[in-house]
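>>> Let me see the structure of the following:
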Amino acid sequence: MKYDIHGPMELPRDRAQRFTRNAREKRAFWEEMDEGQAGLSYACGCHLLSVRNRIWHVGLAQKQSFRDECFTSDKILKTEDAMNGGGGAAYLTLIARKTNGGRFTRPSVNGSRDIADLELPLIGSALERNENLLNRSATKNLREMVVPGFINSPHGCGNDSSVKAFRQIMGI
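Got it, this is the predicted structure:
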């Protein structure tokens, strides 16, 4: 299971500086991406939506390609929300799955379980930097779970000897 990171790539905007809904401009975005890395838009993996170096949404494309997954109607709404919340241009980063031979993995009906396994730690890291992360379903436990010195740690609890030992063995 190998992955390559591509981006961030600025998403196309309309004259009002909102994310464009123009199909021709979105198609041109993917064509430009494929010029830089042939076949990338038809690959699968995880995708990150960011504004001003903060991730606003983490998604996966495992049964559909990035091209088909990243601009669905719900992703367009999340992109608009992120641009409004972050106050700037939106960027897409793709973490594309590759075959052992070095080609991009295509989506499959069954999906690749490791893509979903990768999505969870990406969501956890993004949530640490942006409490307004737009992901909902995978963040409930991450938002409510408390592990002193590790996840949602209450202020001042990191001084306990067991917490210090835990952080040391975890390399934190």
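>>> Residue 47 belongs to a strand, doesn't it?
Yes - counting by DSSP: H, G, I helix; E, B strand; the rest coil, residue 47 is found in a strand.
>>> Just to check, it is in contact with residue 70?
Yes - the pair residue 47 / residue 70 is scored as a contact, 5.5 Å apart, by CB atoms under 8 Å. (C-beta placed from N, C-alpha, C; glycine too.)
>>> Report the set of residues contacting both of the two.
Taking CB atoms under 8 Å, 6 or more residues apart in numbering as the contact rule, residue 47 and residue 70 both touch 59, 61, 92.
>>> any chance you could read off phi and psi for residue 50?
Dihedral pair for residue 50: phi -130, psi 150, per degrees, to the nearest 10.
>>> ok, it - contacts?
Residues in contact with residue 50 (CB under 8 Å, 6+ apart) are 8, 56, 82, 86, 90-93.
>>> For it, give its distance to residue 146.
For residue 50, the distance to residue 146 (CB to CB, to the nearest Å) stands at 27 Å.
>>> per-residue confidence averaged over the helix or strand hosting residue 4?
Assigned by DSSP states H and E, residue 4 belongs to strand 2-10. Strand 2-10 shows a mean pLDDT of 95.
>>> Flag every buried residue along that strand.
3, 6, 8-9 (16 or more other CB atoms under 10 Å).
>>> Of these, which is the nearest to residue 127?
When those are ranked by distance to residue 127 (CB to CB), residue 8 comes first, at 18.7 Å.
>>> so what's the closest one closest to, chain neighbours aside?
Sequence neighbours aside, residue 91 is the residue nearest to residue 8 in space, at 3.6 Å (criterion: CB to CB, 6 or more residues apart in numbering).
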